[in-house]
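Asker: Below is the sequence, then the predicted model.
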Amino acid sequence: MSDNLAYQEEVREELIGGKIVAMSPRPTFNHNRVASRIYWMFESHLRGRRCTAIADGTDLYLTDEDRFVPDMMVVCDRDKIQREGVHGAPDLVVEVLSPGTAKNDRMRKKEVYEACGVREYWIADPENRTIEQYLLRDGGLELSTVYASYTEREMERMSERERMEIITHFKCSLYDDFDISLDDIFSGLLP
């Protein structure tokens, strides 16, 4: 092992169902790009408002057995934000899929977010260029819509009708005035 700090890897961990789970210490370029773009979109939109966007790296304390580190979250109750992290359900949580985290993001984390009252949950998939938008309804996080971004090559293979039906913008359920472009999230990803 090198003494050079640039070569030492930080071990990031989450507590999932009472078990310590190591997170990938180095997200891929595509993962990082999608997470940072979503964060900056919310950060820009929420500037000067009551709610705040919080980027990857902040611990989220939800239960005695669950401490997550979401890729992005929005918190409107500022009393939940403390020095060591966020205590209690954010209003929105975004998880960007990685091969090693997909199962936890889709199962245990979704269940805990639901039980704790997260109002909106996104699962962003850089590989498939999709956003799954789950909304809290009657105490459950239900899949509302799956938004997909297509490359030029994929669009060339579609019929005119298929291209006309593509949704390129959507809204976060928390803000009627916030138009989100899928291209702004997914453009520039590496193949």
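Answerer: Noted; the coordinates are in hand. Numbering: from 1, shown residues only.

Asker: Which residue, other than its chain neighbours, is closest to residue 75?
Answerer: Of all residues beyond its chain neighbours, the one nearest residue 75 is residue 90 (4.7 Å), with distances taken as CB to CB, 6 or more residues apart in numbering. From N, CA and C alone the C-beta is placed, and that goes for glycine too.

Asker: Name the residues of stretch 27-34 that are buried.
Answerer: Neighbour counts over stretch 27-34 (16 or more other CB atoms under 10 Å) mark 27-28, 30-31, 33-34 as buried.

Asker: What of stretch 74-81?
Answerer: Residues 74-75, 80 are the ones in stretch 74-81 that count as buried (16+ other CB under 10 Å).

Asker: got those residues as TSV, with distance to residue 39 and pLDDT columns?
Answerer: Compiled in TSV, the buried residues of stretch 74-81 are given as follows (distance: CB to CB, whole Å; pLDDT from 0 to 100):
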residue	distance to residue 39	pLDDT
74	10	98
75	13	98
80	18	98
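
Asker: Out of the residues you listed, which comes closest to residue 178?
Answerer: When the buried residues of stretch 74-81 are ranked by distance to residue 178 (CB to CB), residue 74 comes first, at 10.6 Å.

Asker: Bridged to the nearest residue to the closest one once chain neighbours are set aside, which residues?
Answerer: Counting by CB to CB, 6+ apart, the nearest residue to residue 74 once its immediate chain neighbours are dropped is residue 92, at 4.0 Å. According to DSSP bridges, residue 74, residue 120 are recorded as the beta-bridge partners of residue 92.

Asker: Might you list the low-confidence residue ranges for the chain?
Answerer: Residues of the chain meeting the criterion pLDDT under 70: 1-11, 15, 24-25.

Asker: Report all helices and strands that whichever helix in the chain runs longest contacts.
Answerer: With DSSP state H setting the assignment, residue counts place helix 29-46 as the longest helix in the chain. Counting contacts by 3 or more CB pairs under 8 Å, 6 or more residues apart in numbering; DSSP states H and E, helix 29-46 is packed against strand 52-55, strand 72-75, strand 92-96, strand 120-125, helix 182-186.
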